[in-house]
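In: Sequence first, then the predicted structure, then my questions.
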Amino acid sequence: MERSSPTSVSQWREARMTLIHQHIDAENRHDLAAWMATFARPSYELVALDSSAVGATAVADLVGRWLAAFPNLYTEVFALYHADLAVILEGQLVGAQTGAWVGLPASGRVMNLPVVAIFKFDETRLIGKKVYFDSGLMMRQLTGA
């Protein structure tokens, strides 16, 4: 694999931020092809649900199921933080559950779920996304319990 060419930390940060913004924009438009194109090596984890996928087909399937259950899902970005090997997003997932999800039938209820996502990088190439949220809060919002 050819190495990327930015020569300074600020150039790496700028390149990573551009990619993150493309990723979130594609995600919010539900453009799965554009979203997948932001990955150099697709890897995706939903930690609270003990769900992970590696490779383009598995990642597209996982995210496709998520979007089928929440067809108006939207990520609000509150802050982005830089680390040596990652960019960390603090935000909120907002969407109504209109399809079955993790054994729950469609409820029509809206979730407003605080989220932290870690975008893992190899230099300026996105190689994975790990998402953390409170699954208990998600279930209470979706079931009304």
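Out: Great, that's in hand. Computed from a predicted model, the values in this text were never measured in an experiment.
In: from here on, contacts and neighbour counts on C-alpha atoms
Out: OK.
In: Where is the longest strand in this structure?
Out: Looking across the chain with DSSP state E, the single longest strand is strand 110-122.
In: Who does it pair with, and is each partner parallel or antiparallel?
Out: As defined by DSSP bridges, the strand partners of strand 110-122 come to strand 86-96 (antiparallel), strand 125-133 (antiparallel).
In: Relative to residue 79, which of the ones you listed is closest?
Out: For the strands paired with strand 110-122, proximity to residue 79 was assessed by Cα to Cα; strand 86-96 is nearest, at 5.2 Å.
In: any chance of the strands paired with strand 110-122 in a markdown table, plus mean neighbour count, distance to residue 80 and mean pLDDT?
Out: Formatted as a markdown table, the strands paired with strand 110-122 follow (neighbours: other Cα atoms under 10 Å; distance: least, Cα to Cα, whole Å; pLDDT from 0 to 100):
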| stretch | mean neighbour count | distance to residue 80 | mean pLDDT |
| --- | --- | --- | --- |
| strand 86-96 | 19 | 5 | 97 |
| strand 125-133 | 19 | 14 | 96 |
